[in-house]
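> Sequence first, predicted model second:
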Amino acid sequence: MEVIAGPVLKLLLTVIDLYVWIIVIGVILSWLTAFGVVNSSNRFVYIVGDFIQKITEPALRPIRNFLPVMGGFDLSPVALILILILVQDVLINLIVKLGG
């Protein structure tokens, strides 16, 4: 079982890392769009923004419902990243216990 569990847990760690980067890119893209640096009418920017929004919104929506509004600041990406870091730590502890 350890032969399968170690690589699967490491794959999950990689997927979580990629998801954190997608969240960060989404936040930066939303800032760039809000300040007019990037035009969301551009087809490529729209496709990337739409993809990121569709990937991250299911995880961010419950956190937004739970967190209070902080004067226009959306803290849900920060909360989600902290939760994902916690999950990564748990997975790392599992990998260490399995010896992988």
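Nice, thanks for sending it over. Just so we're clear, the structure is a prediction, and the values are computed from it rather than from any experiment.
> Give me the mean pLDDT for the longest helix along the chain.
Taking DSSP state H as the criterion, the chain has its longest helix at helix 2-34. Averaged across helix 2-34, pLDDT comes to 91.
> Check stretch 86-100 too.
87.
> go on, stretch 64-82?
89.
> Pull out the buried residues from that stretch.
Residues of stretch 64-82 classed as buried: 76-77, 80-81 (neighbour count, 16 or more other C-beta atoms under 10 Å). Yep, even glycine has a C-beta here, placed from its N, CA and C like the rest.
> what's the burial count for residue 5?
Neighbour count of residue 5, defined by other C-beta atoms under 10 Å: 14.
> wait, which of the buried residues of stretch 64-82 is closest to residue 43?
Set against residue 43, the nearest of the buried residues of stretch 64-82 by C-beta to C-beta is residue 77 (25.0 Å).
> Stretch 75-85: how far from the chain's middle?
7 Å (C-alpha atoms, centre = their mean, to the nearest Å).
> Now do residue 81 against residue 21, distance only.
10 Å (C-beta to C-beta, to the nearest Å).
> what's around residue 99, how many residues?
7.
> oh sorry, the question was meant for residue 23
By other C-beta under 10 Å, the residues close to residue 23 number 21.
> Go ahead and list the helix or strand containing the nearest residue to it once chain neighbours are set aside.
Leaving aside its chain neighbours, residue 23 sits nearest to residue 77 (5.1 Å; criterion: C-beta to C-beta, 6 or more residues apart in numbering). Here residue 77, judged by DSSP states H and E, is contained in helix 76-98.
> which helices and strands sit right next to that helix?
Here helix 76-98 touches helix 2-34, helix 43-66, going by 3 or more C-beta pairs under 8 Å, 6 or more residues apart in numbering; DSSP states H and E.
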